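Asks: Sequence unavailable; structure follows:
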């Protein structure tokens, strides 16, 4: 794991390079907040209700939510009713669903026949069955087990008859399924693949969920197995032939996809807006029930502040979206081309509630693309999610990175909260807005050792962490929706302070002329972008 950036009330943010030496000192930008932002922060900080966020997580956490299935829609409706009760006017926007609305009803794998020992089940492992798995015949069936090693090459199947069998493999479940079921007629697969950062040696009952292709004619299935179950199956095979009894019931709901939308309309510039997005699908408590709950808490706090008169109605519209990750954002951009032109900034909320001592994943702001996304910098380490190839053409400076970080540091000063940043990596809704030319960033936590696993459960979620993130997101959104020409000088000073610190750091790190010029160009653009806030 990479080392963290520790923030306290009096210490500068410090990024640590691989040698362990401090390489990046950023001035405390929280001291540079524009007065209007400081006032908004103070008035929202005690209005964010962590219980509202936790109520959402408690409701959503047990549910495997996929677009079009009952759990997805029930989760949206739970949030809808909370918004409506607060005096907001939520609505649904629907569109064609590219998925199948898959629902996991029940499933089990038993050693031997139908009365054998249960090795995998929905009751115990929650998300062991792969998305798009089909039902078995009523009562299930008993099938032989064949170990194919990694299972993702033709060589793995040489001399092995897998037709009609269950294939055991250590490779990616979707790839194994393609080789075994799609190409060779296996009835189904069991994959033990798991990421190293989940620490399977320390957590033998963890598994990472997955999915397979939807091919109705194959009528096949796939399971993910824990290290403990995988070891047991391989030990049994070492003794001789093994059969498994597999019993599955799933449903496919052919329903439209939908996005839950609510807006706080702008008073004087309604065609300009700040957009905030959390995705509903996935089966985790932190991923992403916590993002949905955090976004609700932020929306309710802003609405409550306006209702009480502690903050004025914003000049620009604030738009909140709860939908299907990536596709929901793409659809909103497609359906609202005129509104997209007026988007000042977009904030994505994904995995915002980690109880960090349990999960290991501290809070991160994934920056909109800046030069650290193109050139690896010792001061800006990537997460274990990993760097991707970033087109330099999408690197366009704006005020968003430094302003949002300043707000997070302001909360860190009050709460002794750990805040870090990472270069742009993509993978959530901010990616879609970035591609459309909108300044966008991600609020998240990583590395989380329970990411995409059966153990991403309610006990790993912190109400306090969600409260911190909701306060930061609500403050940023409200300020950006309210700022006018009187805020320009303070915003410019904040960005200039960040620029000067960055250039000093790059010079100390022996940056090439090309990299230095990229940072200068980015900050010139960031300073110029402040003018978008005048109205």
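Replies: Ah, there it is. Bear in mind that the values here come from a model prediction, so they are computed numbers and not experimental data.

Asks: Can you pull out the residues in contact with the helix or strand residue 104 falls within?
Replies: Taking DSSP states H and E as the definition, one finds residue 104 inside strand 102-111. If you take CB atoms under 8 Å, 6 or more residues apart in numbering as the criterion, strand 102-111 is touched by 64, 66, 69-71, 116-122, 127-129, 131-133, 140, 190, 223, 236, 242, 244-253. Using the backbone N, CA and C atoms, a C-beta is placed for each residue, glycine as well.

Asks: buried sites along it?
Replies: Buried positions in strand 102-111, judged by neighbour count with 16 or more other CB atoms under 10 Å: 102-104, 107-111.

Asks: and which of these is nearest to residue 448?
Replies: Taking CB to CB as the measure, residue 448 lies nearest residue 104 of the buried residues of strand 102-111, at 22.5 Å.

Asks: Bridged to the closest one, which residues?
Replies: Listed beta-bridge partners, residue 104: residue 250 (assigned using DSSP bridges).

Asks: Out of the buried residues of strand 102-111, which comes closest to residue 91?
Replies: The closest of those to residue 91 turns out to be residue 103 (CB to CB; 25.0 Å).

Asks: Stretch 478-486: which residues count as buried?
Replies: Neighbour-count burial for stretch 478-486 flags 478-483 (criterion: 16+ other CB under 10 Å).

Asks: Outside of stretch 483-498 itself, list whatever touches it.
Replies: With CB under 8 Å, 6+ apart as the test, stretch 483-498 has contacts from 26-27, 29, 32-37, 315, 399, 402-403, 406, 479, 523, 526-527, 530-531, 533-535.

Asks: Helices - which of those land there?
Replies: Of those, the ones assigned to helices by DSSP state H are 35-37, 402-403, 406, 479, 523, 526-527.

Asks: before we move on, the earlier item: out of the contacts of strand 102-111, which are inside helices?
Replies: Using DSSP H, the subset of those located in helices is 70-71, 122, 236.

Asks: In ChimeraX, how would I select the buried members of those?
Replies: Only the buried entries of those go into this ChimeraX selection, using 16+ other CB under 10 Å:
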select :71,122,236
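
Asks: so which of the ones in helices among the contacts of strand 102-111 comes closest to residue 294?
Replies: When the ones in helices among the contacts of strand 102-111 are compared for distance to residue 294 (CB to CB), residue 71 wins out at 19.4 Å.

Asks: which residue packs closest to that closest one, ignoring adjacent ones?
Replies: Nearest in space to residue 71, with sequence neighbours left out and distances taken as CB to CB, 6 or more residues apart in numbering, is residue 63 at 3.7 Å.

Asks: what residues are up against that neighbour?
Replies: Applying CB under 8 Å, 6+ apart, we find residue 63 in contact with 71, 74-75, 283.

Asks: picking that back up, out of the ones in helices among the contacts of stretch 483-498, which comes closest to residue 148?
Replies: Closest approach between the ones in helices among the contacts of stretch 483-498 and residue 148, by CB to CB: residue 402, at 51.4 Å.

Asks: and the closest one, how far is that from residue 421?
Replies: From residue 402 across to residue 421, the span is 10 Å (CB to CB, to the nearest Å).

Asks: and what of residue 227?
Replies: Residue 227 is 33 Å from residue 421, where distance means CB to CB.

Asks: More neighbours: the two, which one.
Replies: residue 421 (23 against 18; other CB atoms under 10 Å).

Asks: Can you tell me the SS state at that one?
Replies: For residue 421, the assignment made with DSSP: H, G, I helix; E, B strand; the rest coil gives strand.

Asks: May I ask you to confirm that residue 197 is in contact with residue 452?
Replies: No. Residue 197 is beyond contact range of residue 452, at 10.9 Å (criterion: CB atoms under 8 Å).

Asks: From the contact counts, what lies against the helix or strand where residue 56 lies?
Replies: According to DSSP H and E, residue 56 maps onto helix 50-60. Secondary-structure packing of helix 50-60 (3 or more CB pairs under 8 Å, 6 or more residues apart in numbering; DSSP states H and E): helix 70-85, helix 289-308, helix 463-482.

Asks: Tell me which of the ones you listed sits nearest to residue 54.
Replies: Closest approach to residue 54 among the helices and strands packed on helix 50-60 (CB to CB): helix 463-482, 4.6 Å.

Asks: for the helix or strand containing residue 430, which positions count as buried?
Replies: Here residue 430, judged by DSSP H and E, is contained in helix 429-435. The neighbour-count check on helix 429-435 (16+ other CB under 10 Å) flags 429-434 as buried.

Asks: What lies in contact with the very next helix or strand once past it?
Replies: Using DSSP H and E, the helix or strand that directly follows helix 429-435 along the chain is strand 440-445. Strand 440-445 is contacted from outside by 286, 294, 345-354, 356, 359, 361-368, 400-401, 404, 428, 430, 433-434, 465, 469, 472-473, using CB under 8 Å, 6+ apart.

Asks: ok, back up a step: could I get the helices and strands packed on helix 50-60 as CSV with distance to residue 97 and mean pLDDT?
Replies: Listed next are those as CSV, based on distance: least, CB to CB, whole Å; pLDDT from 0 to 100:
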stretch, distance to residue 97, mean pLDDT
helix 70-85, 10, 98
helix 289-308, 19, 98
helix 463-482, 28, 98
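
Asks: gap between stretch 336-353 and the chain center?
Replies: On the basis of CA atoms, centre = their mean, to the nearest Å, stretch 336-353 sits 14 Å off its chain's mean C-alpha point.

Asks: Would you indicate which residues of it are buried?
Replies: 336, 339-340, 342-353.

Asks: Now for those residues: which two are most distant?
Replies: Spatial extent of the buried residues of stretch 336-353 (CB to CB) is set by the pair 342 and 353 at 30.7 Å.

Asks: coming back round to it: out of the buried residues of helix 429-435, the closest to residue 415 would be?
Replies: Nearest to residue 415 out of the buried residues of helix 429-435 is residue 430 (CB to CB; 24.4 Å).

Asks: With that, I have no additional questions.
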